[in-house]
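K.L.:
quick one, what's the 3D model for this:
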Amino acid sequence: MCTVVIDVADSVTARLLAVRDEDPQREWDAPGEWWPDAYPGVSGIRDRRAGGAWLATDPAAGRLAVLLNRADVVDLAEDVAVSRGSLVLESVSGRSPVAPLPMHGFNLLEVAPEGARVMSWDGVELRETPIRHGVHMIAHDDLDDPGTPRIAAWLPEFRARGATDDAADWAADWTSLLASSAGLDPEDDRAIIRDNRPHGYPTQSLLYCLATVAPDRVELDYRALPRPGHWTH
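P.N.:
Now for the predicted structure:
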């Protein structure tokens, strides 16, 4: 139940804030070039268990991808389900997913010089949603979905900050708003910094990243939360 806020601007491809929710017992590695043979030049946050990535970048190509879970509309047996961790690595290497996919549902956010989009898979259909100019938000359902409580609560707040192009320090502005959102109880369904255990999932917010993606570079700022599911001022 991760969350991404993205501003598709004119002067750069995009600026974004990505919050990762995962089981704290599932170990990960901070951004690095963990796949030098299979994906040279690609840097990402590695999942140690499956070896894939939650977020990855290819700075030289101006590409970034991040993975968010999405519910399946059909049952997929665990013994045949393939890890989704390869999706972002393939994406930043210029290879987007093609249906059918032996994977559980996902939203794959792709940012590249040609634009930004969300690739959504529900177990049956793979859909593409282009992301237009402006500020948008995505979690476990559709882009800007008003039925997602955290999007309904916080997308207007992020949009009220205006275009990141016009901000003196957009990263500080968005981090400040993220901190404000943490005033909600992490179990509140409107929360961005989350504890999903009361909702039936073992996941909690573990880290967040701020990124600027331009055609010739990717700038990534990685921050791990000292305490899962809670903001530390």
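K.L.:
which strands and helices lie in contact with the longest strand anywhere in the chain?
P.N.:
With residue count as the measure and DSSP state E as the assignment, the chain has strand 204-214 as its longest strand. Taking 3 or more CB pairs under 8 Å, 6 or more residues apart in numbering; DSSP states H and E as contact, the helices and strands that strand 204-214 lies on are strand 14-22, strand 53-58, strand 63-69, helix 170-181, strand 217-224. The way it works is simple: take the backbone N, C-alpha and C, and place the C-beta from them, glycine included.
K.L.:
now with 6 Å, please.
P.N.:
Where contact means 3 or more CB pairs under 6 Å, 6 or more residues apart in numbering; DSSP states H and E, strand 204-214 is packed against strand 14-22, strand 217-224.
K.L.:
any chance of those strands in a markdown table, with mean pLDDT, mean neighbour count and distance to His104 too?
P.N.:
Formatted as a markdown table, the entries for those read as follows, by pLDDT from 0 to 100; neighbours: other CB atoms under 10 Å; distance: least, CB to CB, whole Å:
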| stretch | mean pLDDT | mean neighbour count | distance to His104 |
| --- | --- | --- | --- |
| strand 14-22 | 97 | 24 | 14 |
| strand 217-224 | 97 | 16 | 25 |
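K.L.:
report the inter-axis angle for the longest strand of the chain versus strand 53-58.
P.N.:
Calculated by axes from the mean of the first three to the mean of the last three CA atoms, to 10 degrees, strand 204-214 forms an angle of 10 degrees with strand 53-58.
K.L.:
dump strand 204-214 to CSV, keeping only the CA atoms.
P.N.:
Presented in CSV, the C-alpha positions along strand 204-214 are these (Å, rounded to 0.1, in the frame of the first residue of the first chain):
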residue,chain,number,x,y,z
GLN,A,204,4.2,-0.4,7.6
SER,A,205,5.8,2.7,6.0
LEU,A,206,9.6,2.1,6.1
LEU,A,207,11.2,4.8,3.9
TYR,A,208,10.6,7.6,1.5
CYS,A,209,12.4,9.0,-1.5
LEU,A,210,12.3,12.4,-3.2
ALA,A,211,13.4,12.4,-6.9
THR,A,212,13.9,14.7,-9.8
VAL,A,213,13.8,13.0,-13.2
ALA,A,214,15.1,14.9,-16.2
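K.L.:
now tell me what touches that strand from outside.
P.N.:
Applying CB atoms under 6 Å, 6 or more residues apart in numbering, the set of residues contacting strand 204-214 from outside is 12-22, 24, 62, 64, 111, 171, 193-195, 219-225, 228-229.
K.L.:
average pLDDT for stretch 194-205?
P.N.:
Here the mean pLDDT over stretch 194-205 is 92, rounded to a whole number.
K.L.:
what about that stretch, start to end distance?
P.N.:
One end of stretch 194-205 sits 5 Å from the other (CA to CA, to the nearest Å).
K.L.:
give the buried residues for that stretch.
P.N.:
By neighbour count with 16 or more other CB atoms under 10 Å, stretch 194-205 contains the buried residues Arg194, Asp195, Asn196, Thr203, Gln204, Ser205.
K.L.:
quickly run through the sheet partners of whichever strand or helix holds Arg127, with directions.
P.N.:
Here Arg127, judged by DSSP states H and E, is contained in strand 126-131. According to DSSP bridges, strand 126-131 forms sheet pairs with strand 115-121 (antiparallel).
K.L.:
CA atoms only for the strand it pairs with, dumped as CSV, please.
P.N.:
What follows is strand 115-121 as a C-alpha-only set of coordinates in CSV (Å, rounded to 0.1, in the frame of the first residue of the first chain):
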residue,chain,number,x,y,z
GLY,A,115,6.8,11.1,-20.5
ALA,A,116,5.3,9.5,-17.3
ARG,A,117,2.6,6.8,-17.1
VAL,A,118,1.1,4.1,-14.8
MET,A,119,1.0,0.5,-16.0
SER,A,120,-1.7,-1.3,-14.0
TRP,A,121,-2.2,-5.1,-13.8
